[in-house]
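[1] mind folding the following:
(4 chains)
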Amino acid sequence: MEFFLEVLTGGLLAGLMYSLVAIGFVLIYKASGVFNFAQGSMVLFSALTFVSLLERGVPFWVSFAVTLLTMIALAWAIERVVLRPLVNRPPITLFMATLGLSYIIEGVAQAMWGAQVHGLELGISDAPLEIGGMLLSQFDLFSAATAGILVLFLSLLFNKTRIGISLRAVADDQLAALAVGIKLQRIWMIVWAVAGFVGLVAGLLWGARLGVQFSLSLVVLKALPVLIIGGFTSIGGAIVGGLIIGASEKLAEVYLGPIIGGGIENWFPYVLALLFLLVRPAGIFGERAIERV
Amino acid sequence: MANDTLPHWLIHHASIQPKRVALRHKHLGIWHEQSWKSLRSEIGQLVDILDKLGFGRGDTLVLLTHPRREALLLSLAAQWLGGIAAPLDPSLEDDHVALLLRYLNPVFVFAEGQRQVDQTLANSRQDVNVIYAEDRGLSAYPQTALQHYAELLRITPAASRAPVAEAGQSAFALYRVNGERNVQVEHFHHDELLEEGRHLVFAERLSQHEEALAARVFAASGHLRYLLSPWLTAGFTLNFPENIATRDADRRELGPTLVAGTRETYQRLESLVRERLPVPNSLTGRLVTYALRADGDVFQRFLGYWLVKRPLRDVIGFSRIRVPLLIGPALPVDSLQFFKTLGIHIRTWDKVANWRTLSTTTSRQLPSVHDTDVEADNITKAS
Amino acid sequence: MLSIIKKPSALIGALTLGLSLLSGTVQAANEQYFPLQSYRVGPYAAGGTGFFGGFIDYLQYVNLKEGGVNGVKFTWSECETEYVVEKGVECYERLKKGLNGAPAAATNPLSVGIAYATLDRSATDKLPLITINHGRTDSTDGSVFPYVFPLQLNPYSEVSAIINYIGDKSGGLDKLKGKKIVTLFHGSPYGKETNPILELLAKKYGFQVTLIEVPHPGNEQQSQWLNIRRIKPDWVILRGWGVMNPVALKTAQKTGFPADHIIGNIWSNSEEDAAPAGAAAKGFISITTHPSGTNFPVLQDIDKTVLKAGKGNLQDSKRFGTVYYNLGVVNGILNVEAVRVAQAKFGKRPLTGEEVRWGFENIKLDDARLKQLGAYGLVQPLKLSCSDHEGGGAVRFQQWDGKQWKVISDWVQADRKLLRPIIEESSHKYAKEKGITPRDCSKES
Amino acid sequence: MGATPLLELQRISLSFKGVKAITDISFTVEQGEICALIGPNGAGKSSLLNVINGVYQPDQGLIGFNGQRYQKMQSHQAAVQGIARTFQNIALFKGMSVLDNVLTGRNLKVKSSWIEQAFHIGRALADEIKQRQKAEEIIDFLRINQWRNSIVGTLPYGLQKRVELARALASEPRLLLLDEPMAGMNREEKSEMSAFILDTQREFGTTVVLIEHDIGVVMGLSDHVVVLDYGKKVGDGTPDEVRKSPEVIAAYLGTTH
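    Numbers count the residues shown, from 1 in each chain, chains lettered A, B, ... in the order given. Predicted coordinates:
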């Protein structure tokens, strides 16, 4: 039982790390109905920029600020160069654009900062804490707290401010949004910048765990099933989806793994997600697509 | 008792529980609350306003409006001055309204909005005094006969004089048109109404903690007896929905503990619930049937309560309902049974003649006797 | 796609090879070409840039210092594979023809996947396929795999050496009985390669082995390490690659398993594997075929002639002397040595792949020769032959002190005698499947 | 009616890829009047509305609005200037509630910054109450209270039209452009909608330009009718004048029945 709880808690905490990445997708999907393939690259790019600055002796918070500004600049550039010319194109076109974007960002990141692996210490010890006979990682708890604060911030931003309602308006109907005087470009720019910020936070936490290296862009693989379960449009859904995926994949790996052969962690979340798709196409929290007959 | 009148009871609550919420109404999507004290003060102003218009003892104030707080306040103000309130149901057909207005030939009318003002002006004497609640569309009307409720309140200073109403006087008069297009009238005296109200309060153990919903006009005797009168005797909170169309949504937001509805009300609610139920033979349908079985074991009832009954009761805003009253014609047995499976035991109240028998049957379902005594004491002291 | 291309490409390959040979003699371009299927972007870019950086720097060094081998200069070109098998094959096809008349000497993909995919082609194209420290174990048997060279160390030797080391630490191989060893392996052909041999060794020595897979890329290992914690093993063998390694070390710390009881294999032994794990990596042990560091004459010389001259290939000069870089240099030394040996037999001119292969099979590096090359202590003594394409089979153990690797053991030899029959059994089975008639190595000279 | 017209179109021409949609159209709309654009399908009515609120930029001509002249209007600029509109094919935020849709109409009236809004400090609270109140007033005005929290996409067509009008009104526009506000409605719904439009004009003094096919509705509702045919103006005047004009009868009225 204790072991079960330990696996479960570990899974839940790991799940929050997935949620962190998934939220980045949710933001952009909400604003433009586009699955942003480049989110993983943004995670990589931000972490790489941050750690490279740090290694060049720039203080922590200055590096953070500079990286954030870089991400905002990136958002601005993306809005100008990619999104603006593609207004009112079908989502698949925009998706392809983000696909290309991911290669560009990855390429630029490696050209700028090189391909080597960097260690990243955020100053949080990863020594396990023993709580009631269970080992819990301090770092995981820290990540969970960070994810919590981030979600709080985002829900304040998107539920309590005009940006939030404008964002939903833009996602819903661009023509109508223009008619009520919403500046499409500005909303996109803001959303991409926020997605960049989320990418930065995810990049730092994942970077501290994996080392800052190219594989960071692969953490999106874990975000996909989370999105399928939690829905593409709900930040809360991304959190719950992350928790479900994290807990179930760990439990499956530990208890099911020995029976059907190890290494099921990679595909199990997708199977789970598929089952969810069959039952509820819009995920747990996603808005149900409403089509007028 | 000499001053067993509606206005006196209002004064009573304003003095013993001035800060408690007397009325709650929804306006522009937001609930507004009014305490007993503030209610008394506003009625005090209305009394002066009516007095200034020449309203006096024995006069009739006709109220042509959907349920709204202004109508209730004006009724009480009219009674304060020893007058009679005559609420008309605005959903009546146009020619019935016209017939009633012409019959009554009123001097004082409260009309809700443009439509009711039009009806009044078309069927009344030249010197009619009309107070209206909604000014929309009325800006172009000749203002001599028309007074805006809010505007009158604004310009009238707060004052308070003693009520001149008497217990044996008529408080309300209900007019209706029968099949032969004859007008019938029924009078309700202060003491009679209050007596009926007290009976209900006693039998149903009503307290000042109830939340009642006034979703209909007080143009039916049942509503005067079993909603208005208990409100004044028990001193609970009366809630007005935003308008007649939003009443179901508003009821859900409120979750009233006391509802006085007609057969139509309950049948509409029943259809709302039935819409949510799954097809009987489907898996979920069977699950619902299983969970709703009255003779189930503890687990089954637990499951039924949390998974089915509670959510369904929530659909119609009956999550906190304690006293669902049926006024007027009886419900079909099927419907009564259906509500019973949801844990809603509807009580039929009609005339004073048969309250005794009914109250004995209903009192059995109530959990504790102790509370009742306290409430009864309060009432005795108060009266 | 691939299957459609397969047959004609073999034909075209042979044709172009012939053509390039022809043009080579006509133009008399005095250069030897190395096609480089490198990877400088993608998840494994860190390994690729280090290895190919070292390799190129060594070739550059030979060109600058000695004007090539006997006047034959080296030339090379890169083709980005991103460590993706299909791209690696594409690169192979594009580069095998040589460059401007300079014939290709050998391919060095540094990828098990690409190596497997081009295994058959290398025999058809008569172009040596060098899989230093990795690749297919049974390709050690040169009689069946004439063109494949798992130089220095094949996967079986790796495991055998690690078990020998653990035995040593436990006070003798007989003390292994009852010990618990967990192997955490990368979920790929590379990762799975040694599982049978581990089970065999477990049976032989009586220890208990548990094999736990980490799915690619391995950035989440919570459940695996919780399992390990439940098993409470004496040692964990880490058979990782790329990001899986630092994550393993971090997760081990998180679940309270000591780093100094984790032994990394040959692809879990670089700075890039340990450093990102930060403090969690301190005490981590791994094997290596070559030490890191810059204190070898050959490296000092490369620094002087290549790096200081601004001709180094590394983007970040701090990586000079790291494990991956040094492996690249070692690989360069072995490739160049093969060319040198072959030139001695076939003449001082650019050689064909077939001729270079002969060179590889006749490499003989003893201490004296290594000293001559300035690589004594960097490269292990190596003697290859027709039947033995591995040659060494020895490793040293190193430990991460939080900043760098410290060598903590002398050469530990794999039990090659034990492994040889298994290797041959496997290679003969392969020969049978593919209809290959093994060479008679006693007739090769 | 004001001294200067609210809207003045001067010789507007618009073409798409060489095909003329609007040719040399000029007319004025006085402050506070209801002006109807009528004409057969393809007469250029919708295009003209799109020129006025900046969806299309005219090839030639000037748009005078509220005393200012523009060669072209930008969508955002039009919204800021107080031009609101509804669309022929309802352009609502279908996934959002009625209230939220109406609130988007208040978009340009929000004064507080997003930081204030996020943390509910400074001007945010007063701002929120104000926007909500205004939105609620419009909701009440158009009698859509009971659907306040319904998702717009689930509402029937006629109601959606009303919600769209509500969103346009929420911006407190000076000029309201309605593109076939009564299309696809039955008689009862049409009279209800007409009443709302009239009330809007009376209560808020809003100037309205609308496109409508139902001649009965147009004649009853509007102060001023402009008739278009093949992108040209063929009639302009009060409903009575237009009804009597032989050109108009030939071009449009004659052909309808």
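
[2] residues of chain C that sit close to chain D?
    Proximity of chain C to chain D, by CB under 8 Å from any CB of the partner chain, involves no residues. For every residue, glycine as well, the C-beta is placed using N, CA and C.

[3] where does pLDDT dip in chain C?
    C:1-28, C:445 (pLDDT under 70).

[4] ditto for the stretch 151-300 of chain B
    B:294.

[5] which ones are touching residue D:143?
    Contacts for residue D:143 (CB atoms under 8 Å, 6 or more residues apart in numbering or on different chains) come out as residue B:245.

[6] can you tell me the helix or strand for it?
    Using DSSP states H and E, residue D:143 sits in no helix or strand.

[7] what's the neighbour count on the residue lying closest to residue C:224 once chain neighbours are set aside?
    Distances taken as CB to CB, 6 or more residues apart in numbering or on different chains place residue C:212 nearest to residue C:224, at 5.2 Å, with adjacent residues excluded. For residue C:212, the neighbour count with other CB atoms under 10 Å in any protein chain shown is 21.

[8] show me what residue C:212 bridges to in the sheet.
    Beta-bridge partners for residue C:212, by DSSP bridges, are residue C:184.

[9] list the buried residues for the longest helix along chain A?
    Longest helix of chain A, by residue count under DSSP state H: helix A:2-32. For helix A:2-32, the neighbour count (16 or more other CB atoms under 10 Å in any protein chain shown) marks A:6-32 as buried.

[10] picking up where we left off before, and the residue nearest to residue C:224, what does it touch?
    A:262, C:182, C:183, C:184, C:185, C:224, C:227, C:228.

[11] phi, psi of residue D:114?
    Here is the backbone geometry of residue D:114 (degrees, to the nearest 10): phi -70, psi -30.

[12] no, scratch that, I was asking about residue C:379
    Backbone torsions for residue C:379, taken as degrees, to the nearest 10, come to phi -110, psi 140.

[13] which element is the closest residue in space to it that isn't next to it in sequence on?
    Leaving out its chain neighbours, the residue that sits closest to residue C:379 by CB to CB, 6+ apart is residue C:330, at 5.3 Å. Using DSSP H and E, the element containing residue C:330 is helix C:323-346.

[14] what packs against whatever helix or strand comes next after that helix?
    Sequence order places helix C:353-361 as the next helix or strand after helix C:323-346, per DSSP H and E. If you count contacts as 3 or more CB pairs under 8 Å, 6 or more residues apart in numbering or on different chains; DSSP states H and E, helix C:353-361 packs onto helix C:323-346.

[15] Three-state assignment for residue B:90, please.
    Following DSSP: H, G, I helix; E, B strand; the rest coil, residue B:90 is assigned to coil.

[16] show me where the chain has helices.
    Using chain A. Along chain A, counting by DSSP H, helices occupy A:2-32, A:39-55, A:60-78, A:91-113, A:138-160, A:162-172, A:174-179, A:184-210, A:220-230, A:235-251, A:257-260, A:268-279.

[17] to clarify, I was referring to chain D.
    Going by DSSP H, chain D shows helices at D:45-52, D:75-81, D:98-104, D:114-119, D:124-141, D:157-170, D:187-204, D:215-221, D:239-244, D:246-248, D:254-256.
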